[in-house]
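J.: I'll drop the sequence and a predicted model, then ask my questions.
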Amino acid sequence: MRVAVFDTHSFDRRALEAANQQFGHELVFYDTRLSEDTATLARGFEAVCAFVNDRLDARTIAALADEGVRLIALRSAGYNNVDLVAAETHEIPVVRVPEYSPYAIAEHTFALLLALVRRIPRAASRVRDANFSLDGLVGFDLHGKCFGIIGTGKIGAAVAHIAHGFGCRLMGYDPRPNPELAELGLRYVGLPELYRESAVISLHVPLLPSTHHLIEREAIAQMRDGV
């Protein structure tokens, strides 16, 4: 199969070429992002491989169909950049990465959180300058704090387990509660209560119309200072 791979970097090429050794597809890599204007690059290809910044709206998909594309393969778990109705109309299947490691993402979440809470970037910068002042570097304990998690799917659940290990009190919000998190003491509440009570709020939701601008002026106004 001939595949046009859009929005690529050197690491994409290395990984895809290595994975392709056992399949033998013909991969052609483009640095440019996929859109209606660049869809002509897919002429003569049976499939395109797209990433999160490629724009696969109705016009782009129609253009791909005109060029003979019969498969859209996403190298991402999210598909909010794809007009699925248009893909169905043009009878082009869309496939995606089922998931990334939820543990890697959850652990990275805490790496970022601890860097923020403990002022690690600022401290590292001072040490490089031989400045050992502690002024402004005092953070706060996570232990005993209320940790709010919006979205308790696989990633949110992994975050809950780590936060529980830090001794946090857990609150969660999800239209589909995860009953297994009850053993961690996680309590499901409405968003207003979660905003009001949480010292830390961690979001793990897909980009959908219902989650677009989930954190906006009104939500921030309900949060405690310094959240």
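T.: Received the coordinates, thanks.

J.: How far off centre is the helix ranked longest in the chain?
T.: Using DSSP state H to define each element, the chain has its longest helix at helix 102-117. Helix 102-117 has its C-alpha centroid displaced from the chain centroid by 13 Å (Cα atoms, centre = their mean, to the nearest Å).

J.: ditto for stretch 121-140
T.: Stretch 121-140 has its average C-alpha position 30 Å from the chain's average C-alpha position, going by Cα atoms, centre = their mean.

J.: how about that stretch: buried residues?
T.: 123, 126 (16 or more other Cβ atoms under 10 Å). Heads up, the C-betas are built off the backbone N, CA and C, glycines and all.

J.: quick one on the thing from earlier: would you mind pulling the contact partners of the next helix-or-strand element following the longest helix of the chain?
T.: Downstream of helix 102-117, the next assigned helix or strand under DSSP states H and E is helix 120-128. Helix 120-128 is contacted by residues 114-115, 132-133, 136-137 when judged by Cβ atoms under 8 Å, 6 or more residues apart in numbering.

J.: same deal with stretch 164-175?
T.: The contact list for stretch 164-175 (Cβ under 8 Å, 6+ apart) reads 142-153, 156, 160, 163, 178, 181, 184-191, 193-194, 197-198, 200.

J.: Any buried residues in that stretch, and which?
T.: Neighbour-count burial for stretch 164-175 [16+ other Cβ under 10 Å]: 164, 166, 168-174.
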